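Novice: Fold the following, please.
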Amino acid sequence: MFNGKKRLPRAAVGVAIAGALGSILALAQAQAQETVKIGLILPMTGGQASTGKQIDNAVKLYMQQKGDTVAGKKIEIILKDDGAVPDNTKRLAQELIVNDKVHFIAGFGVTPAALAAAPLATQAKVPEIVMAAGTSIITERSPYIVRTSFTLAQSSTIIGDWAAKNGIKKVATLTSDYAPGNDALTFFKQNFTAGGGEVVEEVKVPLANPDFAPFLQRMKDAKPDAVFVFVPAGQGGSFMKQYAERGLDKSGIKVIGPGDVMDDDLLNGMGDAALGAVTAHLYSAAHPSAMNKEFVAAYKKAFGNRPGFMAVSGYDGIHLIYEALKKTGGKTDGDALVEAMKGMKWESPRGPISIDPETRDIVQNIYIRKVEKVDGELYNVEFATFEAVKDAGKTKK
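Specialist: Residues are numbered from 1 along each chain as shown. Next comes the predicted model:
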């Protein structure tokens, strides 16, 4: 019966439905392309948890300040906790790349984690932004790795030179037994002994849950002028507690080293035993620039504590991603993004920094600092600056 409405042939209905589905799919794909996904792999639990929390906080702060859209693309952070276990890192990086289709992987609290993800970054052509791990070789393991943190060689060479020139003749060394600890020890010894210093005792401690007490007794018995210490960020507090319990602070043995042991994040909890410790490092919450004062104030307001060097590395890492996307006009091709990052320069809360176009590693000022009490709180107060320091681990190979 004809009711005045034309009935479409069945084939035409099928074409119409297919067309509508195609439009929906195209819209969904367009919307998907409007989102840039960043897989942030960090140790949010375990011994390196303070590293993960600082970087996660700093990324959140940057995005609160700058917005979550860049070059017309919405930025989405997918946070994963690897507990600083490289097998976890590898699995999570693979899931993020294959299932979540992220455009960047970032974070990496320790060197083994950064190295575990490197082959995946190469295979998928996804930039890997290292915001924490500090061994020299990392950027050599994939052409897609760019680092915004530091290398142990940058600070260990400088504290070695400083110690030799400032009346420290005999040093005992205590370093964590993994790649960054080995870098710290190698580059410190190289420069300290070249300046006439002597290493009288060498101790390596396990990375996971170390008990420093028996090693500290060996340090005390060796009667050095100073102990050179490298432990990863997060372990400095327990080291200093046991250093004081063993009476090394009362015996006149100074603490020197790269700045990881005196991380701002934990410094106030170390007590007066930390006073006088001299370290060489990339960042102090007491850095006197206007930009840093604003950064510290904003971080404290948002999270209730002061930022450390891991926070500033994370802040600069997300800045690098934003600026690279601006340069590519929002395109997420891995090769184009890495190319955009090479040679990039900017002013950070830590001071002027840049990405070495040859090595994709960070070039930055290294400051010598002494722990002092300022307004009732402990701070690393800078007293000397070495400008635009490259990684000696690469330049001397």
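Novice: For the rest of this, base every contact and every neighbour count on C-alpha atoms.
Specialist: OK.
Novice: Helices of the stretch 201-350 of the chain, start to end?
Specialist: For the stretch 201-350 of the chain, the helices defined by DSSP state H, counting those that start in this stretch occupy 213-221, 236-245, 264-267, 290-303, 309-328, 334-341.
Novice: could the ones you listed be laid out in JSON lines, adding mean pLDDT and distance to E358?
Specialist: Listed next are the helices of the stretch 201-350 of the chain as JSON lines, based on pLDDT from 0 to 100; distance: least, CA to CA, whole Å:
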{"stretch": "helix 213-221", "mean pLDDT": "90", "distance to E358": "40"}
{"stretch": "helix 236-245", "mean pLDDT": "92", "distance to E358": "33"}
{"stretch": "helix 264-267", "mean pLDDT": "90", "distance to E358": "31"}
{"stretch": "helix 290-303", "mean pLDDT": "98", "distance to E358": "28"}
{"stretch": "helix 309-328", "mean pLDDT": "98", "distance to E358": "17"}
{"stretch": "helix 334-341", "mean pLDDT": "98", "distance to E358": "11"}
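Novice: And these: which comes nearest I253?
Specialist: Of all the helices of the stretch 201-350 of the chain, helix 213-221 sits nearest to I253, with 7.9 Å by CA to CA.
Novice: so that closest one versus helix 236-245, what angle?
Specialist: If you take axes from the mean of the first three to the mean of the last three CA atoms, to 10 degrees, helix 213-221 sits at 50 degrees to helix 236-245.
Novice: just checking, what packs against helix 213-221?
Specialist: Here helix 213-221 touches strand 170-176, strand 198-205, helix 236-245, going by 3 or more CA pairs under 8 Å, 6 or more residues apart in numbering; DSSP states H and E.
Novice: winner for burial among those?
Specialist: strand 170-176 (a mean of 24; mean count of other CA atoms under 10 Å).
Novice: you'd agree G329 is up against Y322?
Specialist: No: using CA atoms under 8 Å as the test, G329 is too far from Y322 to be in contact (10.5 Å).
Novice: Those two - which one has more neighbours?
Specialist: Y322 (19 against 13; other CA atoms under 10 Å).
Novice: Just checking, which helix or strand of the protein averages the lowest pLDDT?
Specialist: Within the chain, confidence by mean pLDDT, DSSP states H and E is lowest for helix 10-33 among all helices and strands, at a mean of 50.
Novice: what's around the closest residue to V130 other than its chain neighbours, how many residues?
Specialist: With CA to CA, 6 or more residues apart in numbering as the criterion, V130 has its nearest non-adjacent residue at 4.6 Å, and that residue is R147. R147: 28 surrounding residues under other CA under 10 Å.
Novice: can you tell me how far R147 sits from N380?
Specialist: Distance of R147 to N380, computed by CA to CA, to the nearest Å: 24 Å.
Novice: and the gap between the residue nearest the centre of the chain and K241?
Specialist: Using CA atoms, centre = their mean, the residue of the chain that lies closest to the mean C-alpha position is A132, 1.9 Å off. Distance, A132 to K241, using CA to CA: 24 Å.
Novice: What of L320?
Specialist: Taking CA to CA, one finds L320 at 37 Å from K241.
Novice: So the residue nearest to the centre of the chain sits against A106, correct?
Specialist: No: counting by CA under 8 Å, A132 stays clear of A106, with 9.5 Å between them.
Novice: quick one: which helix or strand includes the residue nearest to the centre of the chain?
Specialist: Of the helices and strands defined by DSSP states H and E, none includes A132.
Novice: could you pull out the strands for the stretch 1-150 of the chain?
Specialist: 35-42, 69-70, 73-81, 104-107, 128-130, 145-147 (DSSP state E, counting those that start in this stretch).
Novice: Phi and psi next, for D82.
Specialist: phi -100, psi 0 (degrees, to the nearest 10).
Novice: How many residues are close by it?
Specialist: 25.
Novice: Let me see the contact set for it.
Specialist: I41, L42, P43, M44, N88, T89, L92 (CA atoms under 8 Å, 6 or more residues apart in numbering).
Novice: rerun at 6 Å
Specialist: For D82, the contacting residues are L42, P43, N88, T89, by CA atoms under 6 Å, 6 or more residues apart in numbering.
Novice: Then L267?
Specialist: No contacts exist for L267 under CA under 6 Å, 6+ apart.
Novice: For it, give its distance to L174.
Specialist: From L267 to L174 the distance is 19 Å (CA to CA).
Novice: Could you do I105 as well?
Specialist: Remark: distance between I105 and L174 (CA to CA) = 32 Å.
Novice: All the helices of the stretch 51-200 of the chain, residue numbers only.
Specialist: Going by DSSP H, counting those that start in this stretch, the stretch 51-200 of the chain shows helices at 86-98, 111-124, 152-165, 179-194.
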